[in-house]
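> Compute the structure for the input listed below.
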Amino acid sequence: MNQKPSIQTIRLAVSVYNQSDTFIDSVAQYIKKYAESYAEQQSLFIQVDIFDALGSQTTQNKQIDQFIEKEYDGIA
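Numbering: from 1, shown residues only. Next up, the predicted model:
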């Protein structure tokens, strides 16, 4: 029986202060594209979840706490 090798998955959470800001959104999208490119080169899967704090520092802090609770592999 031939089993396919499992692909390593890396989970990355990104919290942005205000994604409606053009610059912030472009940085978030670049992170996604870079992760896809890197994952392809390394034969792995990178799940990038981007969260918008909607301009609230309190919300952003809560998001970071949630990322830690959910045990993301990386936080940005």
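> so where is this structure shaky, pLDDT-wise?
By pLDDT under 70, the weakly predicted segments of the chain are 1-5.
> Which neighbouring elements make contact with the helix of greatest length in the chain?
Scanning the chain for the longest helix, with DSSP state H as the assignment, gives helix 22-42. Counting contacts by 3 or more C-beta pairs under 8 Å, 6 or more residues apart in numbering; DSSP states H and E, helix 22-42 packs against strand 9-16, strand 45-52. All C-beta atoms are positioned from the backbone trio N, CA, C, and that covers glycine.
> Out of these, which is closest to residue 67?
Residue 67 lies closest to strand 9-16 among those, at 4.1 Å (C-beta to C-beta).
> I'd like to know how many residues surround residue 6.
Other residues lying near residue 6 total 7 when counted by other C-beta atoms under 10 Å.
> which SS class is it?
What DSSP: H, G, I helix; E, B strand; the rest coil gives for residue 6 is coil.
> how near is it to residue 65?
Distance check for residue 6 against residue 65: by C-beta to C-beta, to the nearest Å, it reads 30 Å.
> Over to residue 72?
Distance, residue 72 to residue 65, by C-beta to C-beta: 12 Å.
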